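> prediction below, plus the sequence it came from.
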Amino acid sequence: MSQKKNSKKPGAKTTPAGKGKRGRRKGMCMQDRPILEANAAGIDIGAREIFVAVPPDRDEHPVRVFSTFTEDLEKMAEWLVSCRVTTAAMESTGVYWIPLYDVLERRGVKPCLVDARGMKNVPGRRTDWHECQWLQFLHSVGLLRAAFRPDGDVCAVRSLMRHRGELVAMTNQHIQHMHKALTQMNVQIQHVISDITGVTGLAIVDAILDGEHDAAVLAKLRDRRIKASEEVIQKSLQGDWRAEHLFTLKQSRKSYQHYQEQIIACDEEIEKRIVAFAPRVDPAERPLPPDRKRKERGRKKKVVNPQAGQAGFDLRTESYKLFGVDLTQIPGLMAMVLTLFSELGRDMSRWPTAGQFVSWLALCPDNDISGGRVLWRGMRKVQNRAGQLFRMAAFTLHHEQSPLGDYLRRMKSRIGPEGATTATAHKIAVIFYTMVKNQAEYDASIWAQRDADRDKRFEAKLKRQAQQRGYKLVPIEEKSAA
């Protein structure tokens, strides 16, 4: 059996690419592709070493190895400049690429950050030494697409916003630890009030940690807005006050307070950086449009926690100054505008069309076609933070009395919850892109015309189906008049 497999002699005649039965389209070999980036370099990044490849005619040793220390990164940049390299491709490996990216930008070398899925090397050549040369070749022939990265100031806000999200996640862990300690003592207050970190919950926890274990006294700390009665709260505060559980409750309470202070400090830093951006519009010259969301009137969203002793700023006004349009009027985006700004910036020229924008967000279906047949069709598994924000905005519209909410519920009945969320997120992203790029305010009246057109199509479909079955649809008004 093995002899039959290896019976093919070296140098045997093979079918050229594009000439066989499976490849009917004419193609070209990789070596025959024209060089589009003659001054391209390839960089394979690691935690301790960096392998760099330049065109073979630029240096006697076109592949070199550098350490990841700052001094070595500067030497690597100097070597690239001496080799007349103007652009360098690198793989987005964790966060290791960020210092190198900044060094190359300062030296005038354009970094090209690419996804690892688009540059897989052939088997047997997957060492770091070969990877950097493969990157250099793919970049030189124009087969790599650079990933999107906002401007430096926006990246700074993005780093702070992502760090704030991690702080919030850590805060939630310590809230769970407090729940666990109370449950182990059979104190069921967390099941009686909706939030243990509210005014009533924290007052009761602090009193417990100060040594007060009388349920009647603790129940008097109930806020007047709590729906549960004082008798129910008193009953839920009868437990076994074991010392080890009180110790863990104390530690969790201090950790929760510490992370709350860190979040407040992070909010202050985010506020400073957002205010420093040049506004696209002056609210004094072009006032903020009236709020069409009646239930949001009179309620201002704050970025800075009011408990920090600062006045904070109005989210709607600041987002209006940043983008030039009132994006908070888009259903579902009220609390996500600044986060979207940190992930996308406000320059929509990076995406020529709305279709390319939603494709980058992974909010549109993809397919795999081979031999003229569709082998696969579905959503791409891409971890895009901005796309997830649009999905979250769509997910919150289930009970929203708006055209987008109606669209979400209608699509749920047709394609299911997951597909409906993606389809609604697609529409929200298109609206976001159109408003920011064209500087157009949100116009809900457009939906009324679309609903009327959809009703006409539905009516025409019913009449067509009735006619095919030998019936005739008559409106109720005409029937009653007759």
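Received, thanks. A quick note: this is a predicted structure, and the numbers were derived from the prediction, not measured. Residues are numbered from 1 along each chain as shown.
> spit out the contact partners of the spatially closest residue to N39 that is not a sequence neighbour.
Spatially, and ignoring its direct neighbours in sequence, N39 is nearest to T86 (4.2 Å; C-beta to C-beta, 6 or more residues apart in numbering). Where C-beta positions appear, they are placed from N, C-alpha and C, glycine not excepted. If you count contacts by C-beta atoms under 8 Å, 6 or more residues apart in numbering, T86 has them with N39, A40, G108, V109, K110.
> pull the most distant pair out of these.
A40 and G108 (14.5 Å; C-beta to C-beta).
> those two: which has the busier surroundings?
Set side by side, A40 and G108 show more neighbours around A40, with 26 against 11, by other C-beta atoms under 10 Å.
> returning to that earlier point: okay, the residue nearest to N39: pLDDT?
pLDDT, T86: 94.
> distance of it from R145?
Per C-beta to C-beta, to the nearest Å, T86 is found 17 Å from R145.
> L221 against G198, yeah?
No: in this structure, L221 is not within contact of G198 by C-beta atoms under 8 Å, at 11.4 Å.
> between these two, which has more neighbouring residues?
The neighbour comparison of L221 against G198 (other C-beta under 10 Å) goes to L221, with 20 against 14.
> which residues touch the more buried one?
Neighbour list for L221: T200, A203, I204, A207 [criterion: C-beta under 8 Å, 6+ apart].
> what helix or strand is it located in?
Of the helices and strands defined by DSSP states H and E, none includes L221.
> any regions of the chain where pLDDT drops low?
Applying pLDDT under 70 to the chain flags the ranges 1-33, 118-125, 292-313, 478-482.
> by neighbour count, which of the contacts of L221 wins?
Ranked by neighbour count (other C-beta under 10 Å), the contacts of L221 have I204 at the top, with 26 neighbours.
> wait, isn't it in contact with L237?
Yes: between I204 and L237 there is a contact under C-beta under 8 Å: 7.1 Å.
> now do the shared contacts for the two.
Common neighbours of I204 and L237 (criterion: C-beta under 8 Å, 6+ apart): I189, L218.
> tell me the domain ranges of this protein?
Listed by automatic domain parsing, the domain ranges of the chain are 32-140, 154-275, 294-443, 449-482.
> tell me which of the ones you listed lies nearest to V281.
Among the domains of the chain, domain 294-443 sits nearest to V281 (C-beta to C-beta), with 4.6 Å.
> any idea how many residues pack against K75?
So K75, with other C-beta under 10 Å, has 14 neighbours.
> so what touches the host helix or strand of it?
Assigned by DSSP H and E, K75 belongs to helix 70-82. By C-beta under 8 Å, 6+ apart, the residues outside helix 70-82 that reach it are 41, 50, 52, 54, 59, 64, 66, 88, 99-100, 103-104, 106-109.
> repeat for stretch 130-137
30, 40-44, 51-55, 62-63, 89-91, 114, 119, 121, 125, 144.
> just the CA trace of it, in CSV.
Provided in CSV are the C-alpha atoms of stretch 130-137 (Å, rounded to 0.1, in the frame of the first residue of the first chain):
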residue,chain,number,x,y,z
HIS,A,130,10.0,31.6,8.3
GLU,A,131,6.9,33.4,9.6
CYS,A,132,8.5,36.9,9.3
GLN,A,133,9.7,36.1,5.8
TRP,A,134,6.2,34.9,4.9
LEU,A,135,4.7,38.1,6.3
GLN,A,136,7.2,40.2,4.3
PHE,A,137,6.2,38.4,1.1
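> report the buried residues of that stretch.
H130, E131, C132, Q133, W134, L135, Q136, F137 (16 or more other C-beta atoms under 10 Å).
> may I have the phi/psi pair for the second one?
When you say that, I think you mean E131. Main-chain torsions, E131, degrees, to the nearest 10: phi -60, psi -40.
> just give me the neighbour total for H426.
So H426, with other C-beta under 10 Å, has 20 neighbours.
> which residues are in contact with it?
Applying C-beta under 8 Å, 6+ apart to H426 gives the contacts V358, L363, C364, F390.
> mind checking the longest helix of the chain?
Ranked by residue count under DSSP state H, the longest helix found in the chain is helix 403-438.
> quick check: next helix or strand after that helix?
From helix 403-438, the next helix or strand downstream (DSSP H and E) is helix 445-468.
> what's that next one in contact with?
P403, K472, L473.
> circling back: next, format the domains of the chain as TSV and append distance to A284.
Formatted as TSV, those follow (distance: least, C-beta to C-beta, whole Å):
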stretch	distance to A284
domain 32-140	36
domain 154-275	16
domain 294-443	11
domain 449-482	34
